[in-house]
Every structure is written in C-alpha cells, then in structure tokens.
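Engineer: Could you look at this predicted model? Sequence included:
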Amino acid sequence: MVIPAPFISGGHGDPLATARAVIFSQMVDDPSADPAWFPTTEAQEYERTRLFQLVEKLVR
C-alpha cells in the first residue's frame, strides 16, 4: 500500500485527521477480499483508488 504524503510529511498537519484516516483504513477491507462485489482486477483497482481518495480527504 502506498502511504499518502500527509502521513510522511514530517508530522505536519492535524493529528486527529491522521488518526481518523488510520482507523478508517484499518476498518475497510481491500476490494480483492470480496470478489462478489469486485470480480475483475479493473473493478478492484477502481475501488482501491476511490478508497485511497477518501483516505486522502480524511487527512486534510
């Protein structure tokens, strides 16, 4: 998994926002864990990208 830049920017930013993003990431399964919802590699990649964008919004 690629770590969003706000996580590695030297501690700058809101610690609460970072905590929200970490908790969210721990609670959400990778799309490949549910092939019924995401049967193709393309669908899994699309969902990963969407989830990653949500995490990035949580750390802002």
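Structural biologist: Ah, there it is.

Engineer: now the residue positioned nearest the centre of the chain: how far from residue 40?
Structural biologist: For the chain, residue 52 is the residue whose C-alpha lies nearest the centre (Cα atoms, centre = their mean; 3.6 Å). According to Cβ to Cβ, to the nearest Å, residue 52 stands 18 Å off from residue 40. Every C-beta, even on glycine, is put in place using the N, C-alpha and C of the backbone.

Engineer: Figure out the helix or strand that the residue nearest to the centre of the chain lives in.
Structural biologist: Following DSSP states H and E, one finds residue 52 within helix 41-58.

Engineer: Mind giving me the packing neighbours of that helix?
Structural biologist: helix 15-27 (3 or more Cβ pairs under 8 Å, 6 or more residues apart in numbering; DSSP states H and E).

Engineer: Residue most distant from the centroid, this protein?
Structural biologist: Among the C-alpha atoms of the chain, the one farthest from their average position, using Cα atoms, centre = their mean, is that of residue 36, at 20.5 Å.

Engineer: still on that earlier bit, so which bits of the helix holding residue 52 are buried?
Structural biologist: 44, 47-48, 51, 55, 58 (16 or more other Cβ atoms under 10 Å).

Engineer: Go through those residues and name the one nearest residue 13.
Structural biologist: Each of these was checked against residue 13 using Cβ to Cβ; the closest is residue 58, at 11.1 Å.

Engineer: mind listing what that closest one touches?
Structural biologist: Contacts for residue 58 (Cβ atoms under 8 Å, 6 or more residues apart in numbering) come out as 17, 20-21, 24.

Engineer: Quick check, residue 17 in contact with residue 57.
Structural biologist: No: the criterion here is Cβ atoms under 8 Å, and residue 17 misses it with residue 57 at 9.4 Å.

Engineer: where's the dip in pLDDT among the buried residues of helix 41-58?
Structural biologist: Here the lowest pLDDT out of the buried residues of helix 41-58 sits on residue 58, with 85.

Engineer: which non-adjacent residue is nearest it?
Structural biologist: Leaving out its chain neighbours, the residue that sits closest to residue 58 by Cβ to Cβ, 6 or more residues apart in numbering is residue 21, at 4.0 Å.
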